[in-house]
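In: Sequence plus the predicted model coming up.
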Amino acid sequence: MILQLKTGKIEVEYFRAKFGEDITHEFGGAFASLIDEGFATTNGEEVRLTRAGLLRADSLLYRFFEPEFQNIRYT
């Protein structure tokens, strides 16, 4: 999912078919924060990063990590 997000578009149905999970529900808070901050849009079947989101994609990814890994620096 992270790799698809870095390309700028996530197809919700792909994850539903492959894993039986609704990622918009599983990661609802993370997606909602991206949308609220203007970094993403959704139509229910796909999540797309806006231009601002694409320019900051790497810095937005931590929202999808488990809490214990969100503040770790990977350099």
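Out: Cool, got the structure. Residues are numbered from 1 along each chain as shown.

In: The residue nearest to residue 62 when sequence neighbours are not counted - how many residues pack around it?
Out: Excluding its sequence neighbours, the residue lying closest to residue 62 (C-beta to C-beta, 6 or more residues apart in numbering) is residue 70, at 4.9 Å. C-beta coordinates here come from the backbone N, C-alpha and C atoms, glycine included. Using other C-beta atoms under 10 Å, residue 70 is surrounded by 11 other residues.

In: can you tell me how far residue 70 sits from residue 46?
Out: 25 Å (C-beta to C-beta, to the nearest Å).

In: Over to residue 27?
Out: 14 Å.

In: before we move on, the earlier item: just read off the phi/psi values of the residue nearest to residue 62.
Out: phi -70, psi -30 (degrees, to the nearest 10).

In: So residue 16 versus residue 26, what's the distance?
Out: In terms of C-beta to C-beta, residue 16 sits 11 Å off from residue 26.

In: Check residue 48 too.
Out: Using C-beta to C-beta, residue 48 is found at 18 Å from residue 26.

In: Next: residue 69.
Out: Using C-beta to C-beta, residue 69 is found at 16 Å from residue 26.

In: out of these two, which sits in the busier spot?
Out: residue 26 (14 against 10).

In: Go through the helix or strand hosting residue 25 and flag the buried ones.
Out: Using DSSP states H and E, residue 25 falls within helix 23-26. By neighbour count on 16 or more other C-beta atoms under 10 Å, the buried set for helix 23-26 is 23-24.

In: give me the number of residues near residue 28?
Out: 11.

In: scratch that, residue 34
Out: 23.

In: What residue, apart from its backbone neighbours, is nearest it spatially?
Out: Residue 34 sits nearest to residue 40 (C-beta to C-beta, 6+ apart), 3.8 Å away.
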